[in-house]
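Trainee: Prediction below, plus the sequence it came from.
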Amino acid sequence: MRYQGKVYRPWPEANSLLIQATLGCSNNQCTFCTMFDDKRFKIREMDDIFADIESARARYSEVRSIFFIDGNVMAMRTELLLAILNKITTTFPECERIALYSCLNDLRRKSDEDLAALKAAGVSMIYAGLESGDPLVLEKIKKGMTAEQARDGMAKAKKAGIEVLLSFIFGLGGKDRSEAHIQATTALLNELKPEQIAPMALAVQPGSELAQEVARGEFLLPTPLQLLEEERHLLANLKFDTFYWGDHGNNVLSMKGWLPEQQPTFLARVEHAMAHHPIAQQNRLLTQPW
């Protein structure tokens, strides 16, 4: 495989074959993110993508799950993505699942017919970053997406029958906007009802715009206790069925399972950690970069 630049995949995709269809992210402005600062967004040449697919077929006798990278593959023109999907399904007839990175805005910009065709061609799930439901936080982090646009994108995914995993970030509102951030995020999630969710604790990436804001004192980091308070609010107020990927390496607690079945158990763990976990007494958030 001829991957270019830094390569990222969601932790639930640890066992998936990674096919690089795009380079970088078409937004690439989020203040907290440095994932694609080493490349500019572009669509890879189709011949190169097909060559990688054929190389993987020669190497692996069985491939059950494939994940497309880089940042938002759904930004590709639909006819190109359909051609890649057709190549995948003919080359790996045993493949049971195809997922990819997307932005909710990418879904919003596709027609219903486009998304239905992509679903029929094999796309079963997309990973999208919501980050926050708070309009002020979304503007501050330069997400390039409003809550209303998120609603439109999710509605199109649901109409097409494509599952969505939404990620968001505990602590992204900072110390001063922690409560508003999690309240708005929880409320928006209850509207969107994604099939899976993945909360991650804020990690300040070296070299990011957010890191500069922290250094200048413009962004006050939340405390670990505030992160736990955000997770408590989330778990106490989610009102839809979903799978909870709360086991990212930066999270204070590692929890995953179906909601609402596991909601009381997870909530009890958070409340116990708030009262007894040593990290809850720390005044400064310390997390590892991705």
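Mentor: Noted; the coordinates are in hand. Residues are numbered from 1 along each chain as shown.
Trainee: use CA for all of it now, contacts and neighbours both
Mentor: Noted.
Trainee: So which residues of the chain form strands?
Mentor: When secondary structure is read from DSSP state E, the chain shows strands at 17-20, 22-23, 42-43, 65-69, 97-101, 123-131, 163-170, 196-201, 242-246, 255-259.
Trainee: Can you lay out the ones you listed as CSV showing distance to F50?
Mentor: Shown next, in CSV, are the strands of the chain (distance: least, Cα to Cα, whole Å):
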stretch, distance to F50
strand 17-20, 10
strand 22-23, 13
strand 42-43, 13
strand 65-69, 13
strand 97-101, 16
strand 123-131, 17
strand 163-170, 26
strand 196-201, 30
strand 242-246, 32
strand 255-259, 36
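Trainee: most packed of those strands?
Mentor: For the strands of the chain, the largest average neighbour count (mean count of other Cα atoms under 10 Å) is found in strand 22-23, namely a mean of 24.
Trainee: what's next to that one, contact-wise?
Mentor: 4, 39-44, 69-73, 76 (Cα atoms under 8 Å, 6 or more residues apart in numbering).
Trainee: Most neighbours of all those, which one?
Mentor: Neighbour tally across the contacts of strand 22-23 (other Cα atoms under 10 Å): the maximum, 30 neighbours, falls on D70.
Trainee: Contact partners for that one?
Mentor: D70 neighbours (Cα under 8 Å, 6+ apart): V7, Y8, Q20, A21, T22, L23, G24, C25, Y101.
Trainee: now Y3
Mentor: So Y3 contacts Q20 (Cα under 8 Å, 6+ apart).
Trainee: The one 10 residues further on now?
Mentor: Applying Cα under 8 Å, 6+ apart, one finds that E13 lies in contact with F67.
Trainee: Numbering from 2 from now on, please.
Mentor: Yes, from this point I'll number from 2; that puts the last item at E14.
Trainee: Quick check: it vs I70, distance?
Mentor: 11 Å (Cα to Cα, to the nearest Å).
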